[in-house]
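Chemist: Coordinates only, no sequence provided:
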């Protein structure tokens, strides 16, 4: 290994600059990966997703290869810190939130379990965007990651794709995904050959009509305009035609019985057009339409990730005609099939407004439909997708999400990993449920003390990191309360914000918390999501006000981490005390941040929503803090229009005081009147995700949690129980379930 590194560093490791060092370590690691066995099998699963939030790969790959410590020691011998190499490694901008991180975890587990599967997606040059805070406002700029050597390999595979009257070329790139058991798989990413980033103007603004130059510039182009909607549609079409072309190329000789050889798992509805594209290919190959529909329906499996009606994609039918007239004919024929199966308006493929429902396409013409948490699947079957579930009772199943626990424990928190290993051995790295053996130490004070000491050390590590990237000093003896997830009203960062305002006002009234609290946020708001950006503005404004107040700053602190990504999560998650999982009950499909945080010993403060329900089942009610209305109550309130936010505002003095503070002179002097008044009005007039309905209970349970934190040994016991029961939420278990029940890949 040392000889190889020296060779790639021109035999001068000691004086090598960071670029030379990085390239040497990259090449040595790639050489090792090249020698690995690629997963194989009789059937093959293609995991098609718009996002793959894979994070930095160098250290993760070295760890999975078992060479991390050796490389670290060699670099140290020549006077270099491996952390500098890790920081230099670019983070691929291929995803945004939980959907993309889940896809990345799944590929890791597919490789680890030796399942014959690959990922298919797009090669975004600038990701969603890089978040920059200016004057307490989110600004969006390009998130550049392809400006230095990376893991991406250019291939000779290209496909000609016609979008309307434009002839485009798709080129395939490859990215290795290294499993933990010495096998690898491949993420195949398609890119527009004629891409031209000169169309980008200020920030991330660009000519949305020039699809021959912009298709793979950004993830999820702004869809607040007609041009943006059409671009997003064209981008999805480009993705699925590229992916289907690759699949057909691999299996052309068995196309008339493709369902015996291939499963295509579509991750939400972004790739749903693949159903139409594959039918078109089969038609061109001379396969009878009815037979093609039968084959395709046995090839596709659909994962639903949302309960939110607005997130279920619906496209005007003329969009299909504008990119591919043959798809329009196929759609009408499929629509006739759906009508022959049911006259229920809720399950139709094309609605009265001539919009195509992509979830409907995905459900009717697939053989499996799964939710991603027990409660989520129950709501789909009993409420949101009930018409489909009644029609296809055997299609629906649950596959509770999971995480790559090796990355979120062994890589992100090596100190905790080593301690666990010293107590129960290393088998948990292969079989996560072995973490359960930790419960034998639940009354061992020395173990509990170690849990507390490790958490403190991770706080110190985060403190140094925040000082470095944010130039902000945080108190490591404070409670670290962390909410890190996409900024969306249903996830209710605004509820956390109202609690902070409430605490500010209580402190100004004479109350003194027993211990300071540091509130961490990390999230991006979609560029056109006005209220989400207003929430960010309010939190950043509050942060400055607190920081400049001599009394408040002794007890409260807000750290909004700019441009939150996987790398920053790897610092935040091990240091967390309180895991904020406070979505409105019935609105979060699953969540995976909740799993990563519990794995690292954080205690969950949450509603009975998504996977919080199953976390509670595993750790027991004494080791999770639940508040808020039940999902059944919330669903009924939506059905009856029974929630009126103004009633809560006018009849609850604490709520009114907190909400009105948003438009106080102090806030407006520091922030923007326009943003703050709009957010204030939103709470009173709309509050679609019922922030105010849970306010009192949230304050009560959160305050109790902070009180309980002072009993350090009891807190450590709860923390240990959370770690010990996190094994169920391994993506290895999730993928084994997918394979057993859906894919059946040997």
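Modeler: Nice, thanks for sending it over. The model shown is predicted, which means the values in this text are computed figures rather than measured ones. Numbers count the residues shown, from 1 in each chain.
Chemist: Enumerate every residue touching residue 728.
Modeler: When contacts are counted by Cβ atoms under 8 Å, 6 or more residues apart in numbering, residue 728 is found next to 432-433, 614, 618. For the C-beta atoms, the positions are set from N, CA and C on the backbone; glycine is no exception.
Chemist: One more pass at 6 Å, please.
Modeler: residue 618 (Cβ atoms under 6 Å, 6 or more residues apart in numbering).
Chemist: What about residue 196, how many residues nearby?
Modeler: 14 (other Cβ atoms under 10 Å).
Chemist: Also the one 5 residues further on?
Modeler: Burial measure for residue 201: 9 neighbouring residues, criterion other Cβ under 10 Å.
Chemist: where do the strands sit along the stretch 451-600 of the chain?
Modeler: For the stretch 451-600 of the chain, strands defined by DSSP state E, counting those that start in this stretch occupy the ranges 479-484, 517-522, 556-560, 578-581.
Chemist: Summarise which helices and strands the second one is packed against.
Modeler: Using 3 or more Cβ pairs under 6 Å, 6 or more residues apart in numbering; DSSP states H and E as the contact definition, the elements that strand 517-522 packs against are strand 479-484, strand 556-560.
Chemist: Kindly report the same for the third one.
Modeler: Other helices and strands packing on strand 556-560, by 3+ Cβ pairs under 6 Å, 6+ apart, are strand 517-522, helix 530-547.
Chemist: what do you get for the last one?
Modeler: Taking 3+ Cβ pairs under 6 Å, 6+ apart as contact, the helices and strands that strand 578-581 lies on are strand 603-606.
Chemist: And the contacts of the strand it packs on?
Modeler: Against strand 603-606 from outside (Cβ under 6 Å, 6+ apart): 578-581, 594, 612, 615, 624-625, 705, 718.
Chemist: Can I get the buried part of the residues you listed as one ChimeraX selection?
Modeler: To isolate the buried ones among the contacts of strand 603-606 in ChimeraX, judged by 16 or more other Cβ atoms under 10 Å, type:
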select :578,579,580,581,594,612,615,624,625,705,718
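Chemist: how about the strands in the stretch 51-200 of the chain?
Modeler: 117-122, 130-134, 137-141, 153-163, 166-178, 183-192.
Chemist: For residue 447, which of those is the nearest?
Modeler: strand 166-178 (32.5 Å; Cβ to Cβ).
Chemist: Just checking: what are the partner strands of that closest one?
Modeler: Here strand 166-178 is paired, per DSSP bridges, with strand 153-163 (antiparallel), strand 183-192 (antiparallel).
Chemist: Helix or strand next in line after the last one, which one?
Modeler: Note on strand 183-192: by DSSP states H and E, the next helix or strand toward the C-terminus is helix 211-214.
Chemist: which of the strands paired with strand 166-178 is buried the deepest?
Modeler: strand 183-192 (a mean of 23; mean count of other Cβ atoms under 10 Å).
Chemist: Rebuild the helices and strands packed on strand 517-522 as CSV, extending it with mean neighbour count and mean pLDDT.
Modeler: CSV is the format used below for these (neighbours: other Cβ atoms under 10 Å; pLDDT from 0 to 100):
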stretch, mean neighbour count, mean pLDDT
strand 479-484, 23, 98
strand 556-560, 22, 98
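Chemist: hey, which of the helices and strands packed on strand 556-560 is tucked in deepest?
Modeler: strand 517-522 (a mean of 24).
Chemist: Okay, angle between that one and strand 130-134 too, please.
Modeler: 130 degrees (axes from the mean of the first three to the mean of the last three Cα atoms, to 10 degrees).
Chemist: avg pLDDT for strand 517-522?
Modeler: Mean pLDDT, strand 517-522: 98.
Chemist: before we move on, what about stretch 632-649?
Modeler: Here the average pLDDT along stretch 632-649 is 97.
Chemist: in that stretch, what counts as buried?
Modeler: 634-635, 637-638, 643, 645, 648-649.
Chemist: and the end-to-end length of that stretch?
Modeler: 23 Å (Cα to Cα, to the nearest Å).
Chemist: Off-centre distance for it?
Modeler: Stretch 632-649 sits 29 Å away from the centroid of its parent chain (Cα atoms, centre = their mean, to the nearest Å).
Chemist: follow-up on the earlier one: let me have the contacts of strand 603-606 in CSV, extended by pLDDT and distance to residue 556.
Modeler: Shown next, in CSV, are these (pLDDT from 0 to 100; distance: Cβ to Cβ, whole Å):
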residue, pLDDT, distance to residue 556
578, 98, 14
579, 98, 19
580, 98, 15
581, 98, 21
594, 98, 24
612, 98, 26
615, 98, 27
624, 98, 25
625, 98, 20
705, 98, 16
718, 98, 24
